[in-house]
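Novice: Got a sequence here, can you build the structure:
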Amino acid sequence: MLFAKAGMSAAAISSLFVIWSVTSFVLEIPTGVWADLFSRRSLLTIAPILTGTGFALWTFVPSYLAFALGFVLWGAGGALRSGTLQALVYEELTRSGASDAYPRVIGRTHAMGMLAVSAATGLAGPVLAVGGYPAVGVASVAACLLCAAAARTLPDSRGRAERGPAYRQVVRDGLAEVRRAPSVRRSLLIVSVLMGVAGALDEYVPLLARSTGAPASVAPLLVLLVTTGMTAGGWLAGRGTRWPAPILALGAGCLALGAASGRAAGMAPVAVAFCAFEWAMSNTDARLQDQIGDESRATVTSLAGFGSEVVAVLTYSAYALGSAWAGPGPLFALAAVPLLLVAAVPSGKRPEPEQVAER
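Specialist: Below you'll find the model as predicted:
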């Protein structure tokens, strides 16, 4: 809306999204390596400052150049955070002898993030009505500064330690971990497909809700139902970890059945599906963290982030092509196929705490 108000055409707005995506792609892995070389807490502090600077440009000097630079800064901030947060949280919990708490902590972090997004979305309307785009922009910048302040409070034992190996060595170590460990490759595959497919489908949930024929006033509530399911999945992460494959398979089945029903009631099993996917993502991420060493932890985790971006682009492309022949319901049902296939991939068990400590 802000871009359109500033006179940007649909083509210009699309080009801004391309800039955002390309920035994230290009920086995903390099920033993961930086997180293995430097203080992870410092990078997590810088990330929201970059994003906030981009929002400030949009607010105070709205123009195509400012919008483009803002997306570059936002993409850079997101790339700095991706992989870095997981690595810091896992390593600090391990140092405290609480590595088993990782899926619960990271899952609840995601859940609270979704709740915050929902709250911000609800507040955006009143703030926009009172203060217009400048008020929304200032609030966005303030939120980013608060994130930076919160990041400074995170523990970072590693940040006070001796610096690790050189950039090339970290890259080699990360790739070596992937090459020599089939379990790491399986976890990377599962995380990439789950995050890529489920994350891309999330963008189309409003279209699925509208396709059920529900009244316009009810459609937002159906979207909220799915968001609630995702939040519940993050909050439940760390529980029921003995049954990852059945739960993921159940989620894929619920997605296919609910979406194919073409009815508003079908959004309930869709919500259950997204609950299962969010739960599975946190727990699979935990298994991946258990299987890699700290010297290249953020690098390998960023490989998963890069893989999920690739899968997401493929999902967007497949949805765009399929939309010429089918509606949201059948397309969502077809998207359940790769998720069902991933459920059949053996992910292995999490190591015991003693094994984690030995590493």
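
Novice: Over to Gly83: give its phi and psi.
Specialist: For Gly83, the backbone dihedrals (degrees, to the nearest 10) come out as phi 90, psi -40.

Novice: contacting residues for Gly327?
Specialist: Residues near Gly327 by Cβ atoms under 8 Å, 6 or more residues apart in numbering: Ser211. Every residue, glycine included, has its C-beta placed from N, CA and C.

Novice: Quick check, pLDDT for it.
Specialist: On the pLDDT scale, Gly327 is placed at 89.

Novice: In which helix or strand does Pro30 reside?
Specialist: Take DSSP states H and E as the rule and Pro30 turns out to sit in helix 10-37.

Novice: Enumerate the positions of that helix that are buried.
Specialist: For helix 10-37, a neighbour-count test (16 or more other Cβ atoms under 10 Å) marks 15-16, 19-21, 23-24, 27-29, 31-37 as buried.

Novice: State the next helix or strand along the chain beyond that helix.
Specialist: helix 40-60.

Novice: name the helices or strands packed onto that following helix?
Specialist: Packing contacts for helix 40-60, counted by 3 or more Cβ pairs under 8 Å, 6 or more residues apart in numbering; DSSP states H and E, involve helix 10-37, helix 64-81, helix 84-95, helix 102-152.

Novice: CSV for those, including mean pLDDT and distance to Phe55?
Specialist: CSV is the format used below for the helices and strands packed on helix 40-60 (pLDDT from 0 to 100; distance: least, Cβ to Cβ, whole Å):
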stretch, mean pLDDT, distance to Phe55
helix 10-37, 85, 13
helix 64-81, 94, 7
helix 84-95, 91, 20
helix 102-152, 89, 4
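
Novice: now the residue lying closest to Glu91 once chain neighbours are set aside: how far from Ala87?
Specialist: Closest residue in space to Glu91, ignoring its immediate chain neighbours: Asp294 at 5.4 Å, by Cβ to Cβ, 6 or more residues apart in numbering. To Ala87, Asp294 is 7 Å away according to Cβ to Cβ, to the nearest Å.

Novice: about what we covered before: surely the residue nearest to Glu91 is in contact with Glu92?
Specialist: No: the criterion here is Cβ atoms under 8 Å, and Asp294 misses it with Glu92 at 10.6 Å.

Novice: Got the domain ranges for the protein?
Specialist: For the chain, the structural domains run 2-155, 182-345, going by automatic domain parsing.

Novice: So which of those domains is the most surrounded?
Specialist: For the domains of the chain, the largest average neighbour count (mean count of other Cβ atoms under 10 Å) is found in domain 182-345, namely a mean of 20.

Novice: Tell me who's in contact with Arg242.
Specialist: Arg242 sits next to no residue when contact means Cβ under 8 Å, 6+ apart.

Novice: helix, strand or coil for it?
Specialist: Here Arg242 is coil, with the state taken from DSSP: H, G, I helix; E, B strand; the rest coil.

Novice: For it, give its distance to Glu309.
Specialist: Separation of Arg242 from Glu309 (Cβ to Cβ) stands at 31 Å.

Novice: again, but for Pro48
Specialist: For Pro48, the distance to Glu309 equals 20 Å [Cβ to Cβ].

Novice: Provide a list of residues in contact with the nearest residue to Leu236 once chain neighbours are set aside.
Specialist: Nearest residue to Leu236, sequence neighbours excluded (Cβ to Cβ, 6+ apart): Trp279, at 5.5 Å. Trp279 sits next to 107, 233-234, 236-237, 240, 247 when contact means Cβ under 8 Å, 6+ apart.
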